[in-house]
Structure formats: structure tokens, C-alpha cells
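1. sequence and computational prediction follow.
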Amino acid sequence: MTVLLREAIGDRLRHARTNQRRTLRDISRAAKVSLGYLSEVERGQKEASSELLASICEALELPLGELLHNVAADISALETVDVALPDGDRAEQPERREAGRLEGGRMVDGVIGNDLADLRVSGQRMGPALRTTIRAPKMVAA
């Protein structure tokens with residue numbers, strides 16, 4: 001699964017802004033960038049220059065290093081999941097497939113989606129939860 005850096009950065013910026021309950025207008029004014037351009041950056045349609053990215057992070061009171069660290073973690077996590085292909089086959093990294101065989105484990109269903117914000121777990125539905133009834137032994141009078 002290929003993830004564009006601008007999409008991952010945009011997702012993280014939007015996440016930070018919405019968590020702070022701030023509007024695009026608020027951040028665009030503080031960062032001195034047009035509202036439309038900021039929206040395109042958040043949607044991953046435009047790449048922000050390093051100066052613009054620093055300005056947006058400052059407006060969000062989000063350290064640039066923290067943003068980049070989180071983006072790197074997001075991309076790294078996505079590179080290690082299985083991807084469901086349209087015909088039902090699975091594309092899996094060879095080292096993960098081999099590791100599963102060697103360790104006797106099984107690979108869990110992968111995450112699919114075209115956008116970091118659109119990720120969802122695919123695969124089989126979980127069965128009903130196991131329900132156990134514990135009964136006390138019957139007392140017999142002696």
C-alpha cells in the first residue's frame with residue numbers, strides 16, 4: 001500500500017486541528033495562509049513547503065518534530081499490514097508471511113482503505129461471545 005507523504009501530513013494536521021475544535025479559518029489566519037490552500041494541504045492535495053508547514057504547526061501549537069514523528073509512525077504502521085486485493089487474494093510482505101509460518105501464528109486480517117482517515121479492518125466477522133454459566137453444586141443434607 002503506497003501512502004503519499006502529503007496525505008499523511010494532511011491527515012495529521014486535520015486531526016490536530018479538529019481535536020482542538022478549531023476551524024480552518026482560525027488556523028489559516030494564525031498561519032497566514034489562505035483558507036483554501038490550508039484545506040487542500042489537509043486533504044493531501046497540495047504539498048506544503050517546510051516554511052508553510054512550520055507556520056501551520058506553530059498556529060496549531062504542535063511541534064513540527066512531533067508532527068513528523070507521528071506521520072512517520074503512521075506510514076510505518078501502514079507498510080506492515082496486509083492489503084486486500086480486488087480479486088480476494090492477499091498481498092502480504094514475504095518476511096511477515098515467513099515469520100508467521102516460523103512462529104506458528106496466523107496473520108490477522110489487514111487494514112484497507114485509500115486514505116488514512118478511511119481505514120477499516122476487513123475480513124471475517126467475530127462469532128458470538130462465549131458465555132459461561134457457573135452453577136454452584138447442589139447441597140445434599142446428610
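-> Sure, I can see it.

2. mind listing what residue 54 touches?
-> residue 64 (Cβ atoms under 8 Å, 6 or more residues apart in numbering). C-beta: built from backbone N, CA, C; applies to glycine.

3. name the helix or strand for it, please.
-> Using DSSP states H and E, residue 54 sits in helix 50-60.

4. again with residue 75
-> For residue 75, the element it lies in under DSSP H and E is helix 64-79.

5. got the buried residues for that helix?
-> Of all the residues in helix 64-79, those buried under the rule 16 or more other Cβ atoms under 10 Å are 67, 68, 70, 71, 74, 75, 78.

6. what sits against the nearest residue to the third one once chain neighbours are set aside?
-> Right, the one you point to is residue 70. The shortest distance from residue 70 to any residue other than its chain neighbours is 5.5 Å, reached at residue 12 (Cβ to Cβ, 6 or more residues apart in numbering). For residue 12, the contact set (Cβ under 8 Å, 6+ apart) comprises 67, 70, 71, 74.

7. and if we set it to 10 Å?
-> When contacts are counted by Cβ atoms under 10 Å, 6 or more residues apart in numbering, residue 12 touches 42, 57, 60, 62, 66-71, 73-74, 116.

8. which one in those is the model shakiest on?
-> Least confident of the contacts of residue 12 in the model: residue 116, at 54.

9. would you format the contacts of residue 12 as CSV with distance to residue 2 included?
-> Output for the contacts of residue 12, formatted as CSV (distance: Cβ to Cβ, whole Å):
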residue, distance to residue 2
42, 20
57, 25
60, 27
62, 26
66, 24
67, 21
68, 19
69, 21
70, 19
71, 15
73, 17
74, 13
116, 12
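
10. out of these, who's nearest residue 17?
-> residue 60 (6.2 Å; Cβ to Cβ).

11. what about the closest one, distance to residue 77?
-> 22 Å (Cβ to Cβ, to the nearest Å).

12. many thanks, have a good one.
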